[in-house]
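# Would you be able to build a 3D model of this:
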Amino acid sequence: MISLLVVLPHESADAVLPASLQQALAEADFVLLAQATCSTMVQQVQALAPQQTLIFLPDPAPELPEALRAWSGAPPCALSLASAPLGRALHEELAALGVHAWAPIDTLDGAALAALAGRAQARWQREAALRAELAALRTRLDERKWIDRAKGLLMSARGIEEDEAFGLLRGAAMHANLRLGEVSRSVIEAAQWADAINRAGQLRMLSQRLVRLAAQALAGVEARRSRALRTESAERVQDNLDHLGALELNEACAQALANARAAWQVLSAALAARAAPQVLPDIDARAEALLAAAETLTGALEASGARRALRIVNICGRQRMRVQRLAKDALLASMLPSTVAGDTLAPTMAEFEAALLELERAPLSSPEIRAALVAARDEWLRLVRGVRSADSAEGRAALARSSELLVGIFEGLTASYEHSLQVIMS
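Residues are numbered from 1 along each chain as shown. Have a look, this model is predicted:
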């Protein structure tokens with residue numbers, strides 16, 4: 001027996017069924033669940049889940065097409081219509097809205113109703129099967145795109161062939177008991193989070209680098225190159241902020257990004273003014289505000305990424321900032337003895353050393369990463385010597401040279417961690 005919802009033309013769904021319809025229902029062996037009107041049909045179908053819905057309207061009113069639009073042509077059950085003869089345009093409209101079968105209302109008896117219901121059910125089942133097939137095809141096409149993107153990313157990051165990249169994805173999918181497309185999408189999303197964390201971390205470094213370059217130019221240390229690097233650094237800050245602003249961020253990340261933008265606007269205005277030794281402390285204070293905002297943003301992104309291995313990208317990226325901060329504070333302390341810049345030298349050096357030791361001991365490694373860490377250790381010792389002799393021209397030159405070399409090393413290291421297979425697959 002088929003459960004049925006009957007839609008009537010009356011304002012009230014409690015109206016008595018027409019005698020002809022009652023007779024047809026009895027002969028066709030239907031179970032009447034309830035009666036509805038056009039205005040309540042969608043809600044009743046959702047609440048009662050009938051196997052079929054019969055729309056019994058002598059003259060279909062304008063509210064019927066309007067009600068059917070709620071299903072966008074894909075009703076949850078078979079729909080049949082009994083009415084007076086319809087024009088071609090109305091037939092086409094109702095068919096497009098999901099009505100599966102039609103019969104003349106004046107000849108509707110038990111046999112005709114059973115035939116009408118059979119036609120409606122057959123068409124509804126066929127359309128449901130086609131929709132399911134189309135959805136499966138779209139899913140496979142979407143997964144194919146994710147798989148191709150993930151393969152390309154792994155091939156680029158690890159220098160491997162397509163077959164090997166595909167084998168890694170397939171092995172990960174089998175190990176995690178997930179679809180290959182799901183794993184591929186996770187790979188891409190993990191890489192995107194790693195890139196976002198890297199870019200936010202660069203803001204920390206750039207905040208300190210800009211102050212160091214301003215002090216360096218005033219001190220006459222590689223003045224022309226300092227001005228060029230300062231322009232490049234400012235453009236890089238803006239580019240990173242714009243890139244992060246184009247991402248779909250949660251509320252915490254979006255607010256942290258807005259704070260970083262505001263801090264950068266304040267610092268940018270200070271840097272645009274004419275440089276002088278007496279304004280360096282103000283520039284430094286504004287750079288510290290950007291540093292704090294960037295630190296909050298990086299932490300929020302790391303938390304949103306929800307991947308533990310992304311922490312190593314953050315740790316490595318923070319080393320770039322510490323290098324710049326150390327060189328900046330050493331220069332400020334030598335040029336402006338009354339500032340407190342000298343008080344931060346020892347803590348910054350201790351933080352850098354602890355983080356470098358953690359990176360050296362981390363299991364996430366490769367020959368390329370290990371070689372870069374050795375180079376970082378050697379250049380770090382040269383920077384420390386420059387800090388200790390920052391009062392001399394030779395020491396300041398060493399600060400400028402080693403701080404830039406170390407930034408380059410940790411830029412490469414951060415990129416290596418960011419693209420590392422272990423990070424991406426985490």
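# Could I get the buried residue list for stretch 379-392?
Using 16 or more other C-beta atoms under 10 Å as the test for burial, stretch 379-392 gives 379-380, 383-384, 386-387, 389-390. Every residue, glycine included, has its C-beta placed from N, CA and C.
# should've said stretch 199-211
199-211.
# could these be laid out in a markdown table, adding secondary structure and pLDDT?
Compiled in a markdown table, these are given as follows (DSSP: H, G, I helix; E, B strand; the rest coil; pLDDT from 0 to 100):
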| residue | secondary structure | pLDDT |
| --- | --- | --- |
| 199 | helix | 92 |
| 200 | helix | 94 |
| 201 | helix | 91 |
| 202 | helix | 94 |
| 203 | helix | 96 |
| 204 | helix | 95 |
| 205 | helix | 94 |
| 206 | helix | 96 |
| 207 | helix | 95 |
| 208 | helix | 95 |
| 209 | helix | 95 |
| 210 | helix | 95 |
| 211 | helix | 94 |
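# tell me which of these is nearest to residue 97?
Ranked by distance to residue 97 (C-beta to C-beta), the buried residues of stretch 199-211 are led by residue 199 at 48.4 Å.
# pLDDT averaged over stretch 92-101 - what is it?
Confidence for stretch 92-101, expressed as mean pLDDT, is 93.
# now stretch 50-63
Across stretch 50-63, the average pLDDT comes to 89.
# Can you tell me what sits against that stretch?
Stretch 50-63 has contacts (C-beta atoms under 8 Å, 6 or more residues apart in numbering) with 2-9, 18, 21, 33, 38-39, 41, 45, 64, 75, 77-84, 86, 90, 94, 99, 105, 113, 116-117, 120-121.
# Among these, which lie within helices?
21, 41, 45, 64, 90, 94, 113, 116-117, 120-121 (DSSP state H).
# Can you add distance to residue 369 and neighbour count and give those residues back as JSON lines?
Putting the ones in helices among the contacts of stretch 50-63 into JSON lines (distance: C-beta to C-beta, whole Å; neighbours: other C-beta atoms under 10 Å) gives the following:
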{"residue": "21", "distance to residue 369": "78", "neighbour count": "19"}
{"residue": "41", "distance to residue 369": "64", "neighbour count": "25"}
{"residue": "45", "distance to residue 369": "60", "neighbour count": "22"}
{"residue": "64", "distance to residue 369": "68", "neighbour count": "24"}
{"residue": "90", "distance to residue 369": "70", "neighbour count": "14"}
{"residue": "94", "distance to residue 369": "66", "neighbour count": "21"}
{"residue": "113", "distance to residue 369": "75", "neighbour count": "24"}
{"residue": "116", "distance to residue 369": "72", "neighbour count": "24"}
{"residue": "117", "distance to residue 369": "69", "neighbour count": "22"}
{"residue": "120", "distance to residue 369": "65", "neighbour count": "23"}
{"residue": "121", "distance to residue 369": "63", "neighbour count": "18"}
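# could you dump these to JSON lines with distance to residue 142?
Shown next, in JSON lines, are the ones in helices among the contacts of stretch 50-63 (distance: C-beta to C-beta, whole Å):
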{"residue": "21", "distance to residue 142": "46"}
{"residue": "41", "distance to residue 142": "34"}
{"residue": "45", "distance to residue 142": "30"}
{"residue": "64", "distance to residue 142": "36"}
{"residue": "90", "distance to residue 142": "37"}
{"residue": "94", "distance to residue 142": "32"}
{"residue": "113", "distance to residue 142": "43"}
{"residue": "116", "distance to residue 142": "39"}
{"residue": "117", "distance to residue 142": "37"}
{"residue": "120", "distance to residue 142": "32"}
{"residue": "121", "distance to residue 142": "31"}
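# now, among the residues you listed, which is nearest to residue 187?
Among the ones in helices among the contacts of stretch 50-63, residue 45 lies closest to residue 187 (C-beta to C-beta), at 41.6 Å.
# Quick check: the closest one touching residue 76?
Yes. Counting by C-beta atoms under 8 Å, residue 45 sits close enough to residue 76 to count as a contact (6.2 Å).
# Where does the residue nearest to the spatial centre of the chain sit: helix, strand or coil?
Closest to where the C-alpha atoms of the chain average out (C-alpha atoms, centre = their mean) is residue 248, at 4.9 Å. Three-state call for residue 248 (DSSP: H, G, I helix; E, B strand; the rest coil): coil.
# so what's the backbone phi/psi at it?
phi -90, psi 100 (degrees, to the nearest 10).
# what about the stretch 301-426 of the chain, any weak spots by pLDDT?
Low-confidence segments of the stretch 301-426 of the chain (pLDDT under 70): 305-310, 364, 420-426.
# Now do the helices in it.
Here the stretch 301-426 of the chain has its helices, by DSSP state H, counting those that start in this stretch, at 310-335, 345-361, 367-388, 393-419, 421-424.
# Which strands or helices does the first one pack on?
Spelled out, that is helix 310-335. helix 180-218, helix 280-305, helix 345-361, helix 367-388, helix 393-419, helix 421-424 (3 or more C-beta pairs under 8 Å, 6 or more residues apart in numbering; DSSP states H and E).
# Residue 158 is nearest to which of these?
Among the helices and strands packed on helix 310-335, the nearest to residue 158 by C-beta to C-beta is helix 421-424 (5.5 Å).
# hang on, the earlier thing: the helices of the stretch 301-426 of the chain: which one's closest to residue 136?
Ranking these by proximity to residue 136 (C-beta to C-beta) places helix 421-424 first, at 27.8 Å.
# CA-only coordinates of stretch 175-193, as PDB, when you get a sec.
Extracted C-alpha coordinates of stretch 175-193, given in PDB (Å, rounded to 0.1, in the frame of the first residue of the first chain):
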ATOM      1  CA  HIS A 175      46.200   4.200   5.800                       C
ATOM      2  CA  ALA A 176      43.600   6.800   6.900                       C
ATOM      3  CA  ASN A 177      40.600   4.800   5.400                       C
ATOM      4  CA  LEU A 178      39.600   7.900   3.400                       C
ATOM      5  CA  ARG A 179      38.700   8.600  -0.200                       C
ATOM      6  CA  LEU A 180      41.600   9.600  -2.300                       C
ATOM      7  CA  GLY A 181      39.900  12.900  -3.100                       C
ATOM      8  CA  GLU A 182      39.500  13.600   0.600                       C
ATOM      9  CA  VAL A 183      43.200  13.000   1.300                       C
ATOM     10  CA  SER A 184      44.200  15.100  -1.700                       C
ATOM     11  CA  ARG A 185      42.000  18.000  -0.500                       C
ATOM     12  CA  SER A 186      43.600  17.700   2.900                       C
ATOM     13  CA  VAL A 187      47.100  17.900   1.300                       C
ATOM     14  CA  ILE A 188      46.100  21.100  -0.500                       C
ATOM     15  CA  GLU A 189      44.500  22.700   2.600                       C
ATOM     16  CA  ALA A 190      47.500  21.800   4.800                       C
ATOM     17  CA  ALA A 191      49.800  23.500   2.200                       C
ATOM     18  CA  GLN A 192      47.600  26.600   2.200                       C
ATOM     19  CA  TRP A 193      47.600  26.800   6.000                       C
END
